[in-house]
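>>> I would like the atomic coordinates for the input below:
(one chain, ligands or ions: 1)
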Amino acid sequence: MEALIAPEYEELRESVRALVEKKISPFAHDVDENARFPQEAYEALQSADMAAAHVPSEFGGQGADALAVAIIIEEVARGCASSSLIPAVNKLGSIPVILAGNLDQKEKYLRQLAEGKGFSYCLSESEAGSDAASMKTKAVRDGDGWILSGSKKWISNAGFSDFYTVLASTDSSLGAKGITAFIVEKSDPGVSFGAHEKKMGFRGSPTCEVYFDNVRIGEDRRLGEVGSGFALAMRTLDHTRITIAAQALGIAQGAFEAANAYAHERKQFGKAIFDFQGVQFMLADMAMQIAAARQLTYLAAVKSERSDDDLTFYSAACKCFASDVAMKVTTDAVQILGGYGYVSDFPVERMMRDAKLTQIYEGTNQIQRIVMARHLSDL
Ligand SMILES: Cc1cc2nc3c(=O)[nH]c(=O)nc-3n(C[C@H](O)[C@H](O)[C@H](O)COP(=O)(O)OP(=O)(O)OC[C@H]3O[C@@H](n4cnc5c(N)ncnc54)[C@H](O)[C@@H]3O)c2cc1C
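The predicted structure is shown next:
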């Protein structure tokens, strides 16, 4: 890979890795064990301008391209997956503003995001997951504004984030073409949050329901045209599924390194377990799969930056492939550590639990395969 990407990306990787090893990884176990927000990671990322590095420089951000953001997320996830959701969710929540926001919206919201406010994304509902277009949350015109009512389920960093991109039905008779995107602020009267979900993994990242009880917002909060929200939501995922692939890649890399180190230290039958070919083959497969996932993810990131015609295929492909690799690699890492892999003294069981989510959110891997199948003619 080093030969294929420009040296500045490898320099970026080194600087993120140093930051993560010093200020994020040491807290990963505690964050998971106590299901607490990774405040240390948030502060470290924010002070290094990496919490929302994708924000264009004209709005106070770093203007990092999609590959640079992928590398930041990969390296954070290598140490602590929960912490890697800080930059990933900030990108997910704000890409709709970047793609469809007007200048005032960009100036107001992207600038505050760069300054440290969080931005979440509200698409899923309790009865509308894979079939997101069947959402029930409504926005009804009210004079010069809108009234939002309904609720969104599984919202990452809910309660922590100050801003929310919310998809709501503005004309249910039109189905997906009757959905519009809005920006909602945490402080808007009528916005509230449910209890934290008790999750298998990513336990440091708050996931809550968000309730909209007749939330009145002005026309200045509408993102893009009325009825264009679902297309915008899908276009957003084209860019952000790459960040989930990067996250999966980082989790897999962390698990591989832990398993490889352990295999060299652990002795059974009078020699290091690495000396058994059965273990070597597992590690070789893990490294091979990670290398392939990395190539696909970085290629998709380059396509995201250029908005290539085949981006939809590649973003679904890298998310699906890298998350399946993360699940396989972390499971094998647990296997290589034997009984020690099954307890929380070593990080691989956490990584295995974290990997599972990457196969589920931003569209399950079944949905990614549907997306890829629909876009085969783009190739
Ligand atoms: C921790 C966490 C964080 C999340 N964060 C966010 C967030 O920030 N914002 C947000 O909007 N959403 C978020 N989500 C929601 C996530 O994107 C959904 O959970 C996901 O899209 C799946 O929806 P569902 O859970 O309703 O499953 P369902 O859609 O009910 O799917 C159940 C099963 O059926 C399968 N299935 C469904 N339809 C088909 C089909 N047509 N063909 C084949 N198989 C199918 C699925 O693959 C899955 O295996 C998050 C979820 C979790 C768990």
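
>>> who touches the residue in the chain that the ligand sits nearest to in this structure?
Nearest to the ligand in the chain, going by CB to the nearest ligand atom, is residue 129, at a distance of 1.7 Å. (C-beta placed from N, C-alpha, C; glycine too.) With contact set as CB atoms under 8 Å, 6 or more residues apart in numbering, residue 129 has these partners: residue 153.

>>> so which bits of the stretch 201-350 of the chain are right by the ligand?
Counting by CB under 6 Å from any ligand atom, the residues of the stretch 201-350 of the chain close to the ligand are 202, 207.

>>> what does stretch 303-321 rub up against?
65-67, 237-242, 244-245, 248, 292-293, 296-297, 299-300, 358, 362-363, 365, 368-369, 371-372, 375-376, 378-379.

>>> gap between residue 266 and residue 314?
As judged by CB to CB, to the nearest Å, residue 266 and residue 314 stand 39 Å apart.

>>> the two - which one has more neighbours?
Between residue 266 and residue 314, counted using other CB atoms under 10 Å, residue 314 has the larger neighbour count: 26 against 16.

>>> that older thread, in strands only, show me the contacts of stretch 303-321.
Among the contacts of stretch 303-321, no member falls in strands (DSSP state E).

>>> buried subset of those?
Buried by 16 or more other CB atoms under 10 Å: 65-67, 237-242, 244-245, 248, 293, 296-297, 299-300, 358, 362-363, 365, 368, 371-372, 375, out of those.

>>> now, these that are in helices?
Those of those mapping onto helices are 66-67, 237-242, 244-245, 248, 293, 296-297, 299-300, 358, 365, 368, 371-372, per DSSP state H.

>>> who's in contact with residue 215?
Contact analysis of residue 215 by CB under 8 Å, 6+ apart lists 147, 148, 149, 184, 188, 189, 190, 191.

>>> who does the fourth one form a beta bridge with?
Okay, so that is residue 184. Counting by DSSP bridges, residue 184 is bridged to residue 164.

>>> which residues touch it?
Going by CB under 8 Å, 6+ apart, the list of residues near residue 184 reads 122, 148, 163, 164, 165, 166, 191, 212, 215, 217, 221.

>>> of those, which belong to strands?
122, 148, 163, 164, 165, 166, 191, 212, 215, 217.
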